[in-house]
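# Build me a structure from this.
(2 chains)
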There are 2 protein chains.
Amino acid sequence: MVTVTVLAAVVQARTEVVWPSMCGHNSLFVGRIGDWTWDAVGAACGIDVMNTHDSQGRPAYLSFCYFRIRGGRRFHLRTPTFGDRLQVDTALYRTRGQSVLALHRIDRSPRRHGDGFDLHEFVTAGDADRLYVQTLNRWVARSREGSNQALLRSLPSDFALDSLPEIPPSYCPLPTMRRARMAYTLRPAAAVLSGEGLRLDYQIDPSRDLNGVGLLYFASYFSIVDWALLRWWRQQRRTDETFLGRVVVDQQMCYLANVDVSVTISADVRAWRPMTGPRPHSEFVEVVLRDGQRRLVVSTLEILTDDSR
Amino acid sequence: MVTVTVLAAVVQARTEVVWPSMCGHNSLFVGRIGDWTWDAVGAACGIDVMNTHDSQGRPAYLSFCYFRIRGGRRFHLRTPTFGDRLQVDTALYRTRGQSVLALHRIDRSPRRHGDGFDLHEFVTAGDADRLYVQTLNRWVARSREGSNQALLRSLPSDFALDSLPEIPPSYCPLPTMRRARMAYTLRPAAAVLSGEGLRLDYQIDPSRDLNGVGLLYFASYFSIVDWALLRWWRQQRRTDETFLGRVVVDQQMCYLANVDVSVTISADVRAWRPMTGPRPHSEFVEVVLRDGQRRLVVSTLEILTDDSR
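The predicted structure follows:
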């Protein structure tokens, strides 16, 4: 078998110092990655991403529909702490269907010289000292003012994707997302159900979950998933201490819908053991958030178990 | 009466664009102000605020012990939204007792020219288009590893306050903080109790409330206070919609203690009507968080009522 290595052009390179407002046992670091996506898209596509409108004059938002974060034991989502210096390289692509794919490669500095942006390395998460983040975004607008229920696909008139290369099909997350939409799962096919599942109610919190334009903040979904994960963790008779020490080496999240405030949603948590793959002793925990029959989010976390550490 | 105007030296001027990760119905903007405080102290006192140790080698943290945010109807804590540009001017002082007082004046740009940093204007919150923020910080260290219960006053060996001017006594918040510590209140003296109070339990959430070094994040206290405020709001038969539209023109928070994870704390909420003052139709809502007999936080929010809008 011949391995084809695709080198991507980096469209943005940034050095970030980790402040208290961007790390911790919360979704602050994820929120910051979201900003980096928006910043890169604005710079590459020549658009003011934070203030743009669709053809009918409605505010348009560059909404997240897929997020994947892969790391390793030495550097995962909750590793960054006060004062760390990070090198963030970002490459942008378009997909068929007017979506923007951002690939962020996050290194702890000092940055190693001579490293190209290798798409194959990226998608296989080949370096345990790096975080590899993919985010796929689409423009949306509210169909009714004051409601987050029925967001519409949208396209600002001043937005041009043509300057971006199309992502090679084998690296495109759209098929994964389709699977999440159809089968409500992102776990590997070869896996067996493990232990008891759990169903929980979560009330969207108007004092905590909304962003600056009144939508449920995408990073809040990460917090709600972790909220559900913690309760499942306790059901497995695991301690809060081990929860704080959890190593999530891969988290995928597929966003299906936004939601209004003060609504109670349900969270279904189930765990799976992989039968094959590079880490047979890890576990896949799946969290699906629903608002009645409507799925809001499908997320899968691959967590290293004690056996695999 | 002669009004003495004290002009302060600005030690840091920054322009900030408001990204999604720093605004909304949450504590993200407050968290960012905390970063600005640390950044200014690091720059002015020549210390790496995110990586320093006391004389016994224990990590030392520039902990918040007082926070006050004053704004107006046109510009208050939850006004900033996607894409706003802010001009932040910061002045630093020392107090008697080795604390650092940071004064942040936050303007929506374009900045008006010729504005000095007028301490009197600052303390009276004299301009309704500005946010005036005071933060008082002290160094602390853990007395026992892994516990947030008994933090000790600390002083990094490489920290020198001498370069900062002493804050004039009439502008120093230490007496206010003493009152909060003794009487557990920050409301004005001339006020009458209004309506029913409320006592709530809140369980510290390990998936959401901790910062990057495992302490309860100072900004999480703002979220917990808002969590309690919302429940009191509903008890008053007010809608979530009016909660989202609340205008908090003055919020003071005095931090008395940190707390361990997975602990259930109690929140006492009471409201007061001022009998005198510039806004007789506003209301003062007081939230006190306790861990058993130990007070964690005393916070008072001045909220504009419909009458005062």
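
# What parts of the stretch 101-250 of chain A come near chain B?
Residues of the stretch 101-250 of chain A found near chain B (C-beta under 8 Å from any C-beta of the partner chain) are A:205-214, A:217, A:219, A:223, A:226-227, A:229-230, A:240, A:243-244. C-betas here are computed from N, CA, C, even on glycine.

# any idea how far chain B is from A:W232?
11 Å (C-beta to the nearest C-beta, to the nearest Å).

# Burial check on that residue, number of neighbours?
Using other C-beta atoms under 10 Å in any protein chain shown, the number of residues around A:W232 comes to 22.

# next one: A:A191
Counted with other C-beta under 10 Å, A:A191 comes out at 18.

# residues touching it, list them.
Taking C-beta atoms under 8 Å, 6 or more residues apart in numbering or on different chains as the criterion, A:A191 is in contact with A:272-275, A:284.

# how does it look with 10 Å?
A:185, A:271-277, A:283-284, A:286 (C-beta atoms under 10 Å, 6 or more residues apart in numbering or on different chains).

# any idea how far it is from B:R130?
For A:A191, the distance to B:R130 (C-beta to C-beta, to the nearest Å) stands at 56 Å.

# Please apply the same query to A:Q149.
37 Å.

# Between these two, which has more neighbouring residues?
Taking other C-beta under 10 Å, A:Q149 and B:R130 do not tie; B:R130 has more neighbours (23 against 14).

# Can you tell me the closest non-neighbouring residue to the more buried one?
Excluding the flanking residues, the one nearest B:R130 by C-beta to C-beta, 6 or more residues apart in numbering or on different chains is B:D107, at 5.6 Å.

# Am I right that that neighbour is in contact with B:V88?
Yes - between B:D107 and B:V88 a contact is recorded at 7.8 Å, counting by C-beta atoms under 10 Å.

# got any residues that touch both of these two?
Shared contacts of B:D107 and B:V88 (C-beta under 10 Å, 6+ apart): B:15, B:131.

# Wait, a strand at A:T90?
Yes - counting by DSSP: H, G, I helix; E, B strand; the rest coil, A:T90 is located in a strand.

# residues contacting it?
Counted by C-beta under 10 Å, 6+ apart, A:T90 has contacts A:8, A:10-14, A:33, A:36-37, A:39-41, A:43-44, A:102-106, A:117, A:133, A:135.

# let's see 6 Å
By C-beta atoms under 6 Å, 6 or more residues apart in numbering or on different chains, A:T90 lies in contact with A:11-12, A:40, A:102, A:104.

# Now, these that are in strands?
If you go by DSSP state E, those have A:12, A:102, A:104 in strands.

# Closest one of these to A:L161?
Nearest to A:L161, judged by C-beta to C-beta, of these is A:A102 at 12.7 Å.

# Now stretch A:171-191: average pLDDT?
The predicted model gives stretch A:171-191 an average pLDDT of 90.

# try stretch A:68-84
Rounded mean pLDDT across stretch A:68-84 is 95.

# how distant is it from the center of its chain?
14 Å (C-alpha atoms, centre = their mean, to the nearest Å).

# can you check stretch A:19-27 too?
16 Å.

# same question, stretch A:151-162
Offset of stretch A:151-162 from its chain centre (C-alpha atoms, centre = their mean): 21 Å.

# Flag every buried residue along that stretch.
Neighbour-count burial for stretch A:151-162, counted by 16 or more other C-beta atoms under 10 Å in any protein chain shown, picks out A:151, A:154-156, A:159, A:161.

# Just want the residue of the stretch 51-200 of chain A that's nearest chain B.
Sorted by distance to chain B under C-beta to the nearest C-beta, the residues of the stretch 51-200 of chain A start with A:G83, at 3.3 Å.

# So what's the residue count around the residue nearest to that residue when sequence neighbours are not counted?
Residue nearest to A:G83 in three dimensions, not counting chain neighbours: B:M50, with 3.3 Å by C-beta to C-beta, 6+ apart. Neighbours of B:M50 under the rule other C-beta under 10 Å: 22.

# Give me the three-state assignment for B:M50.
B:M50 - assigned by three-state DSSP - is coil.

# What of A:A180?
helix.

# In contact with the residue positioned nearest the centre of chain A, which residues?
Most central in chain A under C-alpha atoms, centre = their mean is A:F67, positioned 2.3 Å from the mean C-alpha point. Counting by C-beta under 6 Å, 6+ apart, A:F67 makes contact with A:135, A:253.
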